[in-house]
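1. Sharing a model prediction with you, sequence too.
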Amino acid sequence: MSALFARVVAHRLFWPVVMLLVLFTINLIAFPGFFTVTIRDGHLFGSLIDILRNGAPTLIIAIGMTLVIATRGIDLSVGAVCAISGAVACSIILGSPTPGSLSTVAVAVTVAMLIALVLGMWNGFLVAVVGVQPIIATLILMTAGRGIAMLITEGQILTVNSPPFKFLGSGFWFGIPIAVIIAAVVFAVAALVTRRTALGMFIESVGINPEASRQAGVRARGLLFVVYTFSAFCAAIAGLILTANTAAADANNTGLFIELDAILAVVIGGTSLAGGRYSLVGTLVGALVIQTLVTTVYTVGIPPIATMVFKAAVVTAVCLLQSPTTAEALRGFRQRLAIRAGKGVAAS
């Protein structure tokens, strides 16, 4: 039994899951109806549904960020790509004589996605071909991207009246928020492609030892192109969801700091920033922890000005519990308990 408990505690997802359960408990105490899910007009509503819907953009971006981090990289430009994709889509819809047409929305979404793919390929080019450090390469687009979005919107907040576009952010399908469905599809596709094929192993090998991977025949440059392009693709999807939810493109605030939440979700989920092994399930748990944190802030009544401090404190606690030093201390504590128990049995 003790050996089983030790293995459970040592699992990378143990402390994130514990923290998620603690946050759920706090919300339940503060709001007894926290776990209540109701059906109104055939749609699911409730605090848990809100967490899933509001956390969907963060999860989508975190999925792409997981693969980037697994290659020893980082993508700071995802927030800017969110803003650009939303700005492009809204500008096309606003300039169309038929903004409520499904074909107009389809063209706007397609163009926004294509531009995001080009931006992702640009990041991949800087990292894989030019050899620029990932944090610098993506910082360039992070800085310039907001300016590009501002140029597209001409410094204005573009408000659109398009029910098909609005559906992407606040619509329902079979009672489930469409944002949750999109996030689930992205997660399932990423998991199947990277875990049911050799792609995931190649990504981990590049993150562990790029030179050894190259000598083994792994095309590291091609993989870097793929992961950075996929990261931008995920950011574009999240940006469209965020923009559609408000039916407005705000170049300054769309996706602001979402790259930090995505990185935190990946780290909380147990993926090392040093690259190598990664966990998409861990990223899912991390994204839920981040979004539940935000919900807890409002449920408990913590002042909005202290939100970032509260989030930082909780994330720090989770990371400390996951650290090798803490794991070693817990291992030593269990060994001492086992020795004492052995002495007690011998004495009796």
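-> Structure received.
2. Residue 234 against residue 64, yeah?
-> Yes: in this structure, residue 234 is within contact of residue 64 by Cβ atoms under 8 Å, at 3.5 Å. Glycine gets a C-beta too; all of them are placed from N, C-alpha and C.
3. and for the two, which residues touch both?
-> residue 78 (Cβ atoms under 8 Å, 6 or more residues apart in numbering).
4. helix, strand or coil for residue 38?
-> strand (DSSP: H, G, I helix; E, B strand; the rest coil).
5. ok, the residue nearest to it when sequence neighbours are not counted - contacts?
-> Computed as Cβ to Cβ, 6 or more residues apart in numbering, the closest residue to residue 38 that is not its neighbour in sequence is residue 45, at 5.2 Å. Residues counted as contacts of residue 45 (Cβ under 8 Å, 6+ apart) are 37, 38, 39.
6. Same list (the residues you listed) but as TSV, adding pLDDT.
-> Listed next are these as TSV, based on pLDDT from 0 to 100:
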residue	pLDDT
37	89
38	90
39	88
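7. Of these, just say which sits nearest to residue 74.
-> residue 37 (36.7 Å; Cβ to Cβ).
8. Identify the bridge partners of the closest one.
-> Judged by DSSP bridges, the bridge partners of residue 37 are residue 46.
9. Pretty sure residue 210 sits against residue 72.
-> Yes: Residue 210 lies in contact with residue 72 (Cβ under 8 Å); the separation is 7.4 Å.
10. Strands of this protein, start to end?
-> 37-40, 43-46, 158-159, 172-173, 176-177, 248-249 (DSSP state E).
11. now, of those, which is deepest in the fold?
-> Counting by mean count of other Cβ atoms under 10 Å, strand 248-249 has the highest mean neighbour count of these, with a mean of 24.
12. what about that one, average pLDDT?
-> Strand 248-249 carries an average pLDDT of 92.
13. Note down every partner strand of that strand and its orientation.
-> strand 158-159 (antiparallel).
14. Show the average pLDDT along the strand it pairs with.
-> Here the average pLDDT along strand 158-159 is 92.
15. List of residues touching it?
-> Residues outside strand 158-159 that contact it (Cβ under 8 Å, 6+ apart) are 87, 90, 91, 94, 247, 248, 249.
16. Just name the closest of those to residue 307, please.
-> residue 248 (22.8 Å).
17. I figured the closest one hits residue 90, correct?
-> Yes: contact criterion Cβ under 8 Å: residue 248 and residue 90 qualify, at 7.0 Å.
18. Return the residues in contact with the residue nearest to residue 207 when sequence neighbours are not counted.
-> Leaving out its chain neighbours, the residue that sits closest to residue 207 by Cβ to Cβ, 6+ apart is residue 275, at 2.9 Å. Going by Cβ under 8 Å, 6+ apart, residue 275 touches 69, 70, 71, 72, 73, 206, 207, 208.
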